[in-house]
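Q: What would the 3D arrangement of this be:
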Amino acid sequence: MGRPKLSPEEALQRKRESIRKSKQRPEAKERHRELERIRRAKKRAEREATRPRSNKNDRREKLREAKRKARADPVKRAHEELLRRKRRRRLAGLTDDVDKNPRLDTFASSIERLWDKTVSNYLMAISDGPDQRCICCDGLWFKESISSHSKLAFQDKKISADVIERIFPSDIDEGQFCSTCMSCILMDKVPPLAVSNRFKCPDQPTCLSAVND
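A: Predicted coordinates:
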């Protein structure tokens, strides 16, 4: 007796099962990968063959080829070296012209004069003092750091009455204020170093008394 005849559905199912098992074998998997790599390589080669080359790449390749030929020719190589030397001498000449530019010399001299004037003004400002007293913090300041103000002037600047009362002594309506206290007063705040906050500047050390003599 032979094998029983299978129905078309069973035959198709058995064929699919056989194919599935054959694909699971290691040698079959490796063969499949190899065929896939060959197929992709062929497609990539076909795309490269049909892709038009850009003019930019052509020009770049021609330029490289011209440079290679020029390096191989001793006459052209000597000519390029001569051009490089002339270019370096020209750049050196431009640098000398910049160094000798009278405008730059004038600008540098004006900066130097401005610096000398600033230093001179600073030394003159601190030549006397500090001997100006701020009525708010009771500290000694240089004349440049002091300005005179009155209660009426602060009222015009919309400073609150409570702040005005705390920055002025009880028997004074006008006095000198330092720049540090003024930065707080103009923001309608009592300076932290104000005498009304029970702050007192330390006495001047004896070693610095010669500075004011």
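Q: Tell me, please, the helix or strand in the protein that averages the lowest pLDDT.
A: helix 74-99 (a mean of 72; mean pLDDT, DSSP states H and E).
Q: That one packs against which elements?
A: helix 55-72 (3 or more CB pairs under 8 Å, 6 or more residues apart in numbering; DSSP states H and E). Yep, even glycine has a C-beta here, placed from its N, CA and C like the rest.
Q: which residues sit against the helix it packs on?
A: Lys76, Arg77, Glu80 (CB atoms under 8 Å, 6 or more residues apart in numbering).
Q: which intervals of this structure have sub-threshold pLDDT?
A: The chain contains residues with pLDDT under 70 at 1-3, 21-25, 51-56, 70-71, 93-105, 107, 201-205, 207-213.
Q: which residue ranges form the strands in it?
A: 132-133, 140-141, 146-150, 174-178 (DSSP state E).
Q: The first one packs against which elements?
A: When contacts are defined as 3+ CB pairs under 8 Å, 6+ apart, strand 132-133 sits against strand 140-141.
Q: For the protein, which segments count as helices?
A: 8-23, 26-50, 55-72, 74-99, 102-125, 151-156, 161-167, 179-185 (DSSP state H).
Q: Could you quantify the relative orientation of the fourth one and helix 55-72 as an angle?
A: Helix 74-99 and helix 55-72 are oriented at 100 degrees to each other (axes from the mean of the first three to the mean of the last three CA atoms, to 10 degrees).
Q: Just put the strands of the chain in JSON lines and tack on distance to Asp162 and mean neighbour count.
A: Shown next, in JSON lines, are those (distance: least, CB to CB, whole Å; neighbours: other CB atoms under 10 Å):
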{"stretch": "strand 132-133", "distance to Asp162": "24", "mean neighbour count": "16"}
{"stretch": "strand 140-141", "distance to Asp162": "25", "mean neighbour count": "18"}
{"stretch": "strand 146-150", "distance to Asp162": "17", "mean neighbour count": "15"}
{"stretch": "strand 174-178", "distance to Asp162": "17", "mean neighbour count": "18"}
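Q: For Ser150, see how far away the most centrally placed residue in the chain is.
A: When the chain is reduced to its mean C-alpha position, the nearest residue by CA atoms, centre = their mean turns out to be Ile111, at 27.0 Å. Applying CB to CB, to the nearest Å, the value for Ile111 to Ser150 is 42 Å.
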